[in-house]
Structure formats: C-alpha cells, structure tokens
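1. Sharing a model that was predicted from the sequence below.
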Amino acid sequence: MKTIANLSLVTAIVVLIGCKPSESKNENTKSSEPTGKQYLVASEPDDSTPVGEARKGAKDGDAVTLVGHIGGSTKPFVEGIAAFTIVDPKVAYCPPEEGCPTPWDYCCTQNEVKENIATVKIVNERGKTVSEDARQLLGVKELSLVVVQGTAKRDEQGNLSVMAQKVYVKQ
Amino acid sequence: MLLPWEYGVRNLARRPLRTMLTLAALSTVILLVFVVVGFIRGLEKSLSISGDRDVVLVYSVNSEENIENSAIAARTPALLAASVEGTQQRFGVTHVSPEMYLGTRVNTDENNGGLGLVRGVTTGAPLVRRSVKLIDGKWPSSGEVIVGQLAAAKLGYDKQDLAIGKQVVFENKTWEIVGQFAAGGAACESEIWCNLADLQTATKRQDLTVVALLLEPGSSTAEIELFCKERTDLELRALGETDYYQSLQQHYKPVRILAWLVVLLVSGAGVFAGLNMMYGAVAGRVREIATLQAIGYRRRAILLSIVQEGVLLAAAASLIAGAIALVLMNGLAIRFTMGAFTLRIDSVAVLFGCGIGLLLGVLGALPPAIKALRAKVAVSLKAV
C-alpha cells in the first residue's frame, strides 16, 4: 500500500506541476538593437505636435513632427513592414499596477483614441514603405514614446498618416 | 534463468473469471483513453486544416477574436478591392468574398431548436474558400441553401433531416436544401451556406460580418493590415486565416489541457484496476513464488514473469480497445461550440492508447510482484 501511496503522490505532483498556469505576459515585447540607424535621430526635434492637435490642423502634404506613444490596438505594429500606429500622449493607458496584459490597446480610453491616433509609415528615399518590421528597424516596442518627422497624408474621412523618414525614440 | 513464457500465459488462464473481468476493465479504460485522445486529435486537426495560408480575413476591430460578433460596412469589399494591391485576380474577377456569419436556431420538419452556423455568401466564396467542394446538388440561388457534411452533427439532427430537397427554417424564413458541400474536415464543414442578399433581408441587416480575400502568390497580409490601420474610421482589422485558427487553438487550450487531465485520471483508474487484479493473483500464489525461489529461480526472473502476465493482459485489452475505437469511434461527429468535428483515431491516438495500455500492465504488476518477492522464502513456504 505504501507503494500505491507513493505512486499516487508522484501522479498528483505531476498533475499539479502540469497544471501550473504559465506566467502572464505582462511585459511589452522586447525591443532589440535597431537595424535602421539611418532613420533614427540622436536629438529630439523641436516643435513636435501631439497627434490630436495634428489631426485637427495638418493638411495633406504638410511637413509634420508628431509625438505619440506606439499603441492604439492590441497589435499596433504591421507585421513585416515598418508601419505602426501612435496615440497622443495626453490619452491615458492602463497603468502597470492594474496588471493589464496589453495596456497599449488603450482598452479603457478607446473613445478618446479615435480622435488621437495616426499611422506612421517609415519610408525610404524613394518614398516606399521599408519592408522590415519597425520593431527591428527602430528598436521600438509597444508604448515607446516616439517623435516622427515626415509628410502628412490626409483623407476625406479625417484619417492621418505620416510618411516618416526620421524617428526619435524618446523612451 | 528466466521462467518459461508459457508459465505466465497459463497463469492467466488459471483464474479465467478474474482475468476476463480485468480484461474488460482494462479494455474500458483504454477505450476511454482512445476516445479522449481521438477528441483532442480531432479538434486539433479541425483547427489546423481550417485556415488557408493565402486567405486574409478583414473584420471589425471591436469583435476581437470573435468574428461572429463583427459588423462591418457593406462597402468594405469594394473599398478593399479598390485600395489594396496583392489580391488575387483572374479573368477580371477579384477574389474577394463578402460574408455574413451568424449562429442561429435552425429548425427542420422533424427537429426544432438546434443551434446552427449560417454563412451568407456570394459566388466569390468558392474563389476564396478553396477547400470547399460542392459534392452533391447545385449552388444556392434565392431561398435555397447548401449544407456542409457536418452541419447535421452541429445541429444534433439526423443526416437525413438535411438531405437535398428537405427544408430548413431560420431567421423566420423557409429555405430549401439544394446541395451538400465538403471542406476536408475544416470548421466551415459544419455550416449552412445561403445567398448573402437573402440572409441580409431575412436578418434585416445591411452590414457584413467578414470579408475574406485571397492573396496573390508571394503577397503578404501587410498591405491589408496597413490599409486597416490607416482607415481608422472603418474600424477594421486584418488577420491571416491560419493565424485566426491558431488563435482559436489558444482559445481551446484549456479544453485540451482538461482532456489530457482526463486521460491521466482515466489511466490512473486503469492502474488501480490492474493493481487490484495482480495483487489478488499474487496473494494467492505466495507459496508458489517462494517455491520457485527455492528451486533456484532468481527474483528478477519471477518479477519479469509476473510483469509479463500484466503486460499480456494489458496488450490484449489495448488490441480490443483499439479495434473498437477504429471500427466504431473513428470519424464519429462531435458537436462543439465552433461547429463540429470528427473523432480522429489516427497514428498518434493509437500510439497513446496502446502505450498507456502497456504502461498500465507494467505499473499494475510491479508493486504486487515486488511485495511478494520481499517476503522471506522460508516464511512464504509456510504461508497458508
């Protein structure tokens, strides 16, 4: 009977270890050494405009300098190309102590995001979007605060995109 | 020196009733293992083959992973076709499929209340859903539907209730079944397809649930994703169909973990059945085992012979359970939230079932054998 008890104990331990939940991915995806240093600037550009203000004032073709946090949805980066969305820093995201696994989706302030979001495309000298993931290209991650310099692209629906050639990663 | 092979075999026949009962118990346990592993394999297979690598789904960003909750503007397919490059085009036709997808009560003349999955489609659907094959009947026109091979299983109805020529009622409208389709076991095989415009009229909706696009060879989802990001006013998101079903795999992970836990618990019950039988068998043979030691057989040889008995019995039970599972259980349709799938008693299920079966034989025989061999020979010889 002792053997049976031992066997039961071992089985119980295996079950308990097997059922232990994996640690929650509460951290942002890690950024690595940037591969596109030609797109990065060392000092912060002057007169950067928050995204919300730019959406109100910028016209199609204007040269703009926008500041914002990378985010706005669960997956703010476009896989495989250097494009992502940024949100005005005035819009609050879930603080870390709340334990939200994806604070960059602004789940609690989605209504504010609509008027404070812009799409950033990193373009090369020929104006084509760089075909490399922005996380590798710029060494950024979700919620990184970035300043982007480029040309605004507006449409009739009020959406704002920026063809950026220079990026300053603030934090 | 080892004990003869026949010794172990004959020992099983010495107590036929006990042997048969243990065989029945072990067969039941192993059959349960086959069923649960077949369930897991069927679910995994259904999800893994459901996605097409070249298909991108565009749906509402607010619906997260639940496409059935999505509602997007009816002009989305035209906007996508006009704005995004990389979508497959042949003979001037862009391979885009606007669809409305919903779960609703589907009634027949014989049955009521079954929850079915209905997809309103256009003739663009077969261009994008390349795994779908019309196996009988014709493509539906107004007021008609075609049913997937597993639709009856999803509804919990008899297959005959969804035969061609029969009628189904959903969304307060009667529809005639005019065809049957197969999709190689993919999730859409449990759906009912009808004309998109008809379904929009029946549901009094103008919107769509999802737009599926077939990419050109070499294209990626990036451009469509970028379009969705830039057009924030449309509140769209794009996801590769394989990624979508992979996310469902994650969604059903707790179910799979639970199923493996059931395998473990059922196997545990099997070990105890084996232990019970072998303890009984060995307890009545204490003197015999001591005599074998006295005439020169090593403990290891006797242990091996007892384990041989257990493994023989478990192997026979594995064969019986395997045969039943392959003949009666394989391909059995199972209802599930996402639709229906079939139990798959494939090579992995057979390996697991038979492996666990043999393990039950070894684990069930070892403790009683060790216990019997620990006793002193002189004492055991005098045992009553």
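-> Yep, that arrived.
2. the helices in chain A, which residues?
-> A:2-18, A:51-57, A:110-113, A:134-138 (DSSP state H).
3. Does the longest helix seen in chain B pack against any helices or strands, and if so which?
-> Counting by DSSP H, the longest helix found in chain B is helix B:16-50. If you count contacts as 3 or more C-beta pairs under 8 Å, 6 or more residues apart in numbering or on different chains; DSSP states H and E, helix B:16-50 packs onto helix B:241-251, helix B:253-283, helix B:299-324, strand B:333-336, strand B:339-342, helix B:347-374. C-beta here means a position set from N, CA and C on the backbone, and glycine is covered the same way.
4. swap the cut-off to 6 Å and go again
-> helix B:241-251, helix B:253-283, helix B:299-324, strand B:339-342, helix B:347-374 (3 or more C-beta pairs under 6 Å, 6 or more residues apart in numbering or on different chains; DSSP states H and E).
5. Buried deepest among the ones you listed, which one?
-> strand B:339-342 (a mean of 25; mean count of other C-beta atoms under 10 Å in any protein chain shown).
6. Give me the contact list for that strand.
-> For strand B:339-342, the surrounding residues in contact (C-beta atoms under 6 Å, 6 or more residues apart in numbering or on different chains) are B:Gly42, B:Leu43, B:Ser46, B:Leu117, B:Leu150, B:Ala153, B:Lys154, B:Ala187, B:Ser190, B:Gly331, B:Ala333, B:Ile334.
7. Can you list the strands that it pairs with?
-> strand B:333-336 (antiparallel) (DSSP bridges).
8. Pull the distance from the partner strand to the chain's centre.
-> 8 Å (C-alpha atoms, centre = their mean, to the nearest Å).
9. what's around B:Leu21, how many residues?
-> 14 (other C-beta atoms under 10 Å in any protein chain shown).
10. That one - nearest residue in space that isn't next to it in sequence?
-> Closest residue to B:Leu21 apart from its sequence neighbours, by C-beta to C-beta, 6 or more residues apart in numbering or on different chains: B:Met277 at 7.8 Å.
11. my read: the one you found touches B:Thr22, true?
-> Yes: using C-beta atoms under 6 Å, B:Met277 is in contact with B:Thr22, at 3.9 Å.
12. near chain B, which residues of chain A?
-> When proximity is defined by C-beta under 6 Å from any C-beta of the partner chain, chain A lies next to chain B at A:Thr3, A:Thr11, A:Val78, A:Gly80, A:Ile81, A:Ala83, A:Thr85, A:Ile117, A:Thr119, A:Gln157, A:Asn159, A:Ser161.
13. now stretch B:7-26: how far from the chain's centre is it?
-> For stretch B:7-26 - counting by C-alpha atoms, centre = their mean - the centre lies 34 Å from the chain centre.
14. thinking again about what came up before, take the helices and strands packed on helix B:16-50 and lay them out in a markdown table including mean pLDDT.
-> Output for these, formatted as a markdown table (pLDDT from 0 to 100):
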| stretch | mean pLDDT |
| --- | --- |
| helix B:241-251 | 83 |
| helix B:253-283 | 81 |
| helix B:299-324 | 90 |
| strand B:339-342 | 79 |
| helix B:347-374 | 86 |
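15. With respect to B:Trp175, which of the ones you listed lies nearest?
-> strand B:339-342 (18.8 Å; C-beta to C-beta).
16. quick one: the closest one to chain centroid distance?
-> Distance, centroid of strand B:339-342 to centroid of chain: 7 Å (C-alpha atoms, centre = their mean).
17. same check, this time on stretch A:98-109
-> The answer for stretch A:98-109 is 12 Å, by C-alpha atoms, centre = their mean.
18. what bits of the chain have low per-residue confidence?
-> Because you didn't say which chain, this covers chain A. For chain A, applying pLDDT under 70 flags the ranges A:1-32.
19. um, chain B though
-> For chain B, the ranges with pLDDT under 70 are B:338, B:384.
20. tell me which parts of it are close to chain A?
-> Going by C-beta under 6 Å from any C-beta, the residues of chain B near chain A are B:Ser220, B:Ala222, B:Glu225, B:Leu226, B:Lys229, B:Glu230, B:Arg231, B:Thr232, B:Asp233, B:Gly268, B:Pro367.
21. Helices - which of the residues you listed land there?
-> B:Ala222, B:Glu225, B:Leu226, B:Lys229, B:Glu230, B:Gly268, B:Pro367.
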